[in-house]
Each structure stands twice: as C-alpha cells, then as structure tokens.
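Undergrad: okay, structure incoming, though there's no sequence with it:
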C-alpha cells in the first residue's frame with residue numbers, strides 16, 4: 001500500500017489552524033483552516049511547491065522547509081518531531097520481532113508493587129504485562145491483549161472509562177506517535193481493521209493527532225468497586241524501545257482510594273503474580 005502520510009498530515013493539520021491564529025482576518029471560507037497559499041507564504045515556499053506536497057507529488061522537503069511548515073501549522077514539539085519522522089524515518093536497526101514481550105526484570109518490578117496497579121504496553125498498544133492489582137482493575141478486558149482494539153470494539157470500554165471519547169482519542173494519538181512509518185504492515189492491518197469496524201476510530205485517526213501518553217488523571221467505573229479517579233504516570237522502557245510502563249495511584253483521602261486492596265485483587269485472580277501477555281499480531 002502506497003501511503004503518503006506527509007500529504008495527509010499536512011492537510012489535516014492545515015484545517016486546524018485558524019487565520020486569526022496568525023493575525024489574519026478570518027474572512028469567508030468554504031472550508032475550515034488556512035488556505036494552501038497562506039501556509040506557503042507563512043512557510044516561505046511557493047504555493048506550487050506546497051500544493052505538490054499536499055498532493056503527494058513532492059515527498060522529501062528539506063529539514064529547513066519542515067521546520068518552517070511546523071511553525072506555520074503551529075505544531076507542538078512532539079508533532080514537529082513526528083512530521084520529521086514521516087519524511088525521514090529513523091534507521092530501524094535490527095528487524096522488529098513479530099511479537100513484543102516484557103522482560104522478566106520488568107515483570108518482577110510490577111510484582112513488587114502489591115498496592116499499585118501497573119502495566120506495560122508496546123508500540124501498538126498491546127498489553128505485555130500487568131500485575132495482580134492492575135489485572136483486577138482491568139478485568140473487563142478478559143483475554144484481550146490489544147488495548148486499542150478493546151477500546152473501540154468492546155462495548156465494556158465505554159462503561160469502564162467515564163470519559164471514553166477523550167481516552168480513546170488519546171490512545172489513537174499515542175498509536176500514531178509511536179509508529180511514524182507508513183509502510184508498517186502491522187500498523188496498516190490494525191488501522192484497517194479498526195477503521196472498518198468502528199467509525200469513531202476512523203474519524204479520530206483522520207485527525208492526525210500526535211501525542212504520546214504522559215501523566216494525567218483518569219476516571220473509571222469499575223464493575224465491583226464503582227467510580228474511581230486515579231492519577232497515572234507513563235515511563236518509557238529504555239531497555240525495550242517502544243514499550244511503556246504505566247503506574248496508577250489514587251491521591252490519599254480521595255474517592256479514588258476505593259481501589260481494591262492488593263489482597264482483594266489477588267483474590268479476584270486467584271492470588272497470582274504478574275501476568276505475561278502474548279499479543280496477537282493480527283489484532
């Protein structure tokens with residue numbers, strides 16, 4: 001499949017920039033966002049050249065042009081880095097394994113956090129490992145290991161995430177941020193499957209939002225303990241590029257403290273330790 005994510009990204013991001021963001025009068029416009037000629041002027045390139053970029057007839061703009069386009073489109077640092085990556089992807093090094101696995105030391109670390117829900121996910125948002133309390137918290141997943149598939153194909157997700165739309169958009173943005181290569185077959189299959197089966201995913205993917213998961217608070221509705229509000233922090237796993245460790249924590253004295261205890265969590269899952277997950281490459 002010949003995908004030109006540069007042209008798609010430029011069109012999508014141009015539609016999000018208002019003329020007044022650059023001090024221009026809004027005027028009457030048939031479509032939202034800047035006109036092509038306005039982006040060209042702001043970026044210091046000819047209109048014809050910018051049109052060729054959006055049409056996919058020019059695919060290798062220089063780093064200087066990419067920087068100017070990022071400024072014209074008001075891209076954040078992470079979005080500008082993604083723009084550079086889709087034009088000039090970083091060297092892949094060793095071929096990627098068909099499946100990702102969490103390392104045993106990382107899994108042992110999860111097991112040591114008896115009072116803290118924690119999990120590890122990979123570049124395609126596959127669940128790679130989860131500790132006992134995390135497994136009790138995400139019990140609605142069942143045997144599913146693709147977090148992005150569960151988000152859009154499992155109706156229970158909209159009950160579990162009280163702010164489902166925002167969380168789902170964040171997952172889509174994280175999936176795109178982690179995978180800038182348009183020729184990634186696994187990503188193409190995953191995006192194709194979800195786009196066919198869920199129009200919300202197709203709409204969110206078309207936004208071309210780029211945002212890795214970092215830290216925030218999430219509101220949940222657990223089937224056993226009710227409403228929860230938990231803070232989470234996301235850490236990159238340096239020993240396994242593309243993998244991330246997520247740790248959840250309730251503020252002391254908050255309603256989120258209703259998270260089941262470690263002992264209760266182990267009771268839900270038979271007292272087992274951390275779970276290794278073997279994500280399917282077809283999801």
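TA: Happy to help now that I have it. What you see is a predicted model, and the numbers here were worked out from it, not measured in a lab.

Undergrad: neighbours around residue 20, how many?
TA: A total of 9 residues lie near residue 20 under the criterion other CB atoms under 10 Å. All C-beta spots, glycine's among them, are computed from the backbone N, C-alpha and C.

Undergrad: tell me which helix or strand in this structure has the weakest average pLDDT.
TA: None of the helices or strands of the chain scores lower by mean pLDDT, DSSP states H and E than helix 262-268, at a mean of 41.

Undergrad: check the residue nearest to residue 219 when sequence neighbours are not counted and give its pLDDT.
TA: Distances taken as CB to CB, 6 or more residues apart in numbering put residue 162 closest to residue 219, at 4.0 Å, once the chain neighbours are dropped. We note a pLDDT of 96 for residue 162 in this prediction.

Undergrad: ok, now residue 273?
TA: 47.

Undergrad: this structure: strands as residue ranges?
TA: Ranges of strands in the chain, per DSSP state E, are 118-121, 127-130, 215-222, 226-236, 244-249, 275-276.

Undergrad: most tightly packed of those strands?
TA: When you average the neighbours per residue for each of these (mean count of other CB atoms under 10 Å), strand 118-121 leads with a mean of 28.

Undergrad: hang on, the earlier thing: just give me the neighbour total for the residue nearest to residue 219.
TA: The burial count assigned to residue 162 is 15, neighbours taken as other CB under 10 Å.

Undergrad: wait, it sits on residue 221?
TA: Yes - counting by CB atoms under 8 Å, residue 162 does reach residue 221; the two are 5.6 Å apart.

Undergrad: how close does residue 235 get to residue 218?
TA: 16 Å (CB to CB, to the nearest Å).

Undergrad: also residue 22?
TA: Taking CB to CB as the measure, residue 22 and residue 218 are separated by 35 Å.

Undergrad: for the residue nearest the centre of the chain, list the residues it contacts.
TA: Nearest residue to the geometric centre of the chain (CA atoms, centre = their mean): residue 174, 1.4 Å. With contact set as CB atoms under 8 Å, 6 or more residues apart in numbering, residue 174 has these partners: 125, 211, 212, 213.

Undergrad: go on, residue 206?
TA: So residue 206 contacts residue 12 (CB under 8 Å, 6+ apart).

Undergrad: count of neighbours near residue 18?
TA: 14.

Undergrad: pretty sure it contacts residue 29?
TA: No - look at residue 18 against residue 29 with CB under 8 Å: they stay out of range, at 9.7 Å.

Undergrad: for residue 23, give its distance to residue 43.
TA: 16 Å.

Undergrad: higher neighbour count, those two?
TA: residue 43 (22 against 6).

Undergrad: pretty sure the more buried one contacts residue 66?
TA: No - using CB under 8 Å, residue 43 makes no contact with residue 66, being 9.4 Å away.

Undergrad: pLDDT value on residue 249, please?
TA: 89.
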